[in-house]
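[1] the following comprises the amino acid sequence and a computationally predicted model.
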Amino acid sequence: MWRHRARTRLPTPGTHVWDGLGHGFHRIDTLPESQQALRVTARFFSRHLGLQVPAAAVPR
C-alpha cells in the first residue's frame, strides 16, 4: 500500500486498487471487479492513445 500512497501524490492519470484480490485477478472475466478493471484499462488507452473505446468498455 505504500506504493499506492506514493503514487497518489504524483501527477499520474490515476491509480486503482482492488483490495482483497490476488495478482492477475483481471484475467478471471466472471468477476465484477475484473470487468471493472478491464473497462478502466480500455478507457485509459482510449484517452491516452486516441483509441476508440469498445462498446463493452462503456460503463453501464
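    Okay, I see it. Numbering: from 1, shown residues only.
[2] list the buried residues for the longest helix seen in the chain?
    In the chain, assigned by DSSP state H, the helix with the most residues is helix 32-49. Buried positions in helix 32-49, judged by neighbour count with 16 or more other C-beta atoms under 10 Å: 34-35, 37-39, 42-43. No exception for glycine: its C-beta is placed from N, CA and C like everyone else's.
[3] and the residue lying closest to A37 once chain neighbours are set aside, what does it touch?
    Leaving aside its sequence neighbours, A37 sits nearest to H26 (C-beta to C-beta, 6 or more residues apart in numbering; 4.5 Å). H26 makes contact with 34, 37-38, 41, according to C-beta atoms under 8 Å, 6 or more residues apart in numbering.
[4] same thing with H16?
    Contacts of H16 by C-beta under 8 Å, 6+ apart are 37, 40.
[5] now it: how far from H23?
    H16 is 14 Å from H23, where distance means C-beta to C-beta, to the nearest Å.
[6] same check, this time on R43
    22 Å.
[7] and if you look at Q52?
    29 Å.
[8] which one's more surrounded, these two?
    Q52 (9 against 6; other C-beta atoms under 10 Å).
[9] how much space separates Q36 from G50?
    As judged by C-beta to C-beta, Q36 and G50 stand 23 Å apart.
[10] do V40 as well
    17 Å.
[11] one more: E33?
    27 Å.
[12] likewise H23?
    Distance from H23 to G50, by C-beta to C-beta: 30 Å.
[13] now swap in P32 and tell me
    28 Å.
[14] just V17 next, same as before
    Taken as C-beta to C-beta, the span from V17 to G50 is 27 Å.
[15] those two: who's more crowded?
    Each of V17 and G50 has its neighbours counted (other C-beta under 10 Å); V17 has more, 10 against 7.
[16] what pLDDT does the more buried one get?
    With respect to pLDDT, V17 has a value of 84.
[17] thanks a lot, catch you later.
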